[in-house]
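Q: 3D model of this:
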Amino acid sequence: MFELFLFIDPLCKACRNSENTVLKISEDVDSKFKLQFIPIYNLKVVQTDYCNSNNQLKKRLSSEQLADLYKNVVLDYKAALFQGMKKGRKFLTEMQDCLLTDALSYSDEMAISIAEDCGLDVDMFIEDRRSNLAKNAIKKDQELVQNMKIEKPASAVIFNCENSKDGILTDNIEYSTLFNACCDKNLTTEYLQDALSEDNLNETKMKHFRIIK
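A: Numbers count the residues shown, from 1 in each chain. The predicted model follows:
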């Protein structure tokens, strides 16, 4: 059983590509696989194009407009998640495609239309999307960001739930690297500590990974 947390800038094309990568991995690995997308929601992420993705939203919108957009998108995503992980992820990716690929402007009508497309209970979604429950869920996400020592978007933490309580952090969201890691039942913190030792560091394929407690 593997659990993977992907930490994202929800309005970044590179992070959208990372989502596709880990979704493909979750379909391809034989092991049980639990996947969560965690939005990083703070002032630095709102203002900075960490992934160098030529983010047009951050060039076009004012700081106040960007802050409002991030707040609305993250709240909507959390409200969608209340109706199931898969529906929540589908809602987020459709919202990202509308904003990042189709260059549509955000509106309440857009969010509700996407909710309908994703099979959400729309009345429940409308009730939840600006609720204290959604706001508290965002706060818990940001606590997770801090606890897992996430420094930038497009970072993932993998847990091998059978062999280790520690997580393995990487900012190399590349299919073959993550796929091999998630297929390796021997991927433990002890194995990684040895792979990342000074003697082995130049030869190891695991140099993009590090252990978090």
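Q: Okay, helices next: where are they in the chain?
A: For the chain, the helices defined by DSSP state H occupy 13-28, 43-47, 56-60, 63-81, 85-96, 108-117, 122-128, 132-147, 175-183, 189-195.
Q: least trustworthy helix or strand in this protein by mean pLDDT?
A: The weakest-scoring helix or strand in the chain, judged by mean pLDDT, DSSP states H and E, is helix 189-195 (a mean of 58).
Q: and residue 172, how many neighbours?
A: 13 (other CB atoms under 10 Å). The C-beta positions use only the backbone N, C-alpha and C, and glycine is treated the same way.
Q: Quick check: it vs residue 19, distance?
A: Distance of residue 172 to residue 19, computed by CB to CB, to the nearest Å: 15 Å.
Q: repeat for residue 93
A: Look at residue 93 and residue 19: by CB to CB, they are 6 Å apart.
Q: so how far is stretch 122-130 from its chain's centroid?
A: 22 Å (CA atoms, centre = their mean, to the nearest Å).
Q: Enumerate the positions of it that are buried.
A: Neighbour-count burial for stretch 122-130 flags 125, 126, 128, 129 (criterion: 16 or more other CB atoms under 10 Å).
Q: Name the nearest residue to residue 42, ignoring sequence neighbours.
A: Leaving out its chain neighbours, the residue that sits closest to residue 42 by CB to CB, 6 or more residues apart in numbering is residue 142, at 6.9 Å.
Q: So what's the residue count around the one you found?
A: Neighbour tally, residue 142, other CB under 10 Å: 15.
Q: residue contacts, it?
A: Neighbour list for residue 142: 40, 41, 42 [criterion: CB atoms under 8 Å, 6 or more residues apart in numbering].
Q: Who wins on neighbours among these?
A: Top of the contacts of residue 142 by neighbour count (other CB under 10 Å): residue 40, with 26 neighbours.
Q: who touches that one in this structure?
A: 7, 8, 9, 142, 145, 150, 153.
Q: Next: residue 39.
A: So residue 39 contacts 7, 8, 9, 10, 73, 74, 77, 138, 141 (CB under 8 Å, 6+ apart).
Q: Please apply the same query to residue 10.
A: Applying CB under 8 Å, 6+ apart, we find residue 10 in contact with 39, 41, 70, 73, 74, 77, 92, 96.
Q: What about the closest residue to the last one other than its chain neighbours, how many residues nearby?
A: Pointing back at residue 96 there. Nearest non-adjacent residue to residue 96, counting by CB to CB, 6+ apart: residue 16, 5.0 Å away. By other CB under 10 Å, the residues close to residue 16 number 22.
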